[in-house]
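Colleague: please find the sequence and the predicted model below.
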Amino acid sequence: MGKLHFATLALMAVNVLFSMKGFKDYSFFEKYKFGIRQIRQGEYVRLLSSGFLHADWQHLIFNMITLYFFADIIILYAGFVQFVLLYLFALVVGNLFSFYFHRNEPYYTAVGASGAVSGILYASILFNPKMTIIVFVLPMPGYLFAIGYLLYSIYGMKSRTDNIGHSAHFGGAVSGLIYALAYDPSLVQREPLLLGAMLIPIVLLFVFRKKIWR
């Protein structure tokens with residue numbers, strides 16, 4: 001890792017400050033978290049603001065560490081403006097994905113930058129296919145991690161055995177792939193096998209969505 005880019009530092013600072021305010025001020029947290037009922041009532045700002053709130057310090061630190069490790073890949077490949085746009089795009093799309101899958105659950109709520117960070121992570125893997133990711137101290141090719149994590153997200157969306165916003169993770173990851181391909185369409189020709197493999201879980205989700213979300 002090189003010197004921390006100011007764009008990464010700025011996003012991390014906003015996340016920390018906004019989350020700290022939410023930790024201390026319950027009414028602030030409630031006003032800006034993701035909520036199906038509130039968004040249906042026109043509070044669309046929550047699609048953005050909820051991505052800068054976190055449930056606790058552990059949640060915040062994990063997301064910021066992940067952002068720190070993968071931000072430079074996007075910045076070096078596409079520049080800091082595209083990095084910020086991708087971050088915001090993945091954040092909103094991840095929440096729209098959650099809204100779609102939880103639209104009939106008026107009391108569903110969520111917070112966290114996980115959708116945005118997933119977008120950064122998955123675009124990074126497509127931009128740098130040879131990257132290795134350390135998972136529980138074991139090295140793993142980035143593309144295997146991408147496929148495995150999306151499959152795990154589908155399982156989490158179906159089982160609902162934890163409090164993780166798997167649908168936002170999935171939507172953020174999909175938006176990262178879309179953004180990477182829109183920025184550099186030549187990736188389709190350069191990395192067809194990688195792209196095809198990473199699309200498999202996405203196709204499976206939509207083919208079996210009625211069974212997953214019944």
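Modeller: Cool, the structure landed.

Colleague: so which residue is smack in the middle of the protein?
Modeller: Using Cα atoms, centre = their mean, the residue of the chain that lies closest to the mean C-alpha position is residue 115, 2.0 Å off.

Colleague: pLDDT score assigned to it?
Modeller: Looking at residue 115, its pLDDT stands at 90.

Colleague: then residue 211?
Modeller: pLDDT, residue 211: 58.

Colleague: now swap in residue 100 and tell me
Modeller: 89.

Colleague: find the nearest non-adjacent residue to the residue nearest to the centre of the chain, please.
Modeller: residue 94 (2.2 Å; Cβ to Cβ, 6 or more residues apart in numbering). All C-beta atoms are positioned from the backbone trio N, CA, C, and that covers glycine.

Colleague: low pLDDT regions in the chain?
Modeller: Scanning the chain with the threshold set as pLDDT under 70 gives 1-2, 135-136, 153, 155-166, 208-214.

Colleague: which residue ranges of it form strands?
Modeller: Under the criterion DSSP state E, the chain contains strands at 34-35, 109-110, 132-135, 138-141.

Colleague: partners of the third one in the sheet?
Modeller: Translated: strand 132-135. Strand 132-135 pairs in its sheet with strand 138-141 (antiparallel), by DSSP bridges.
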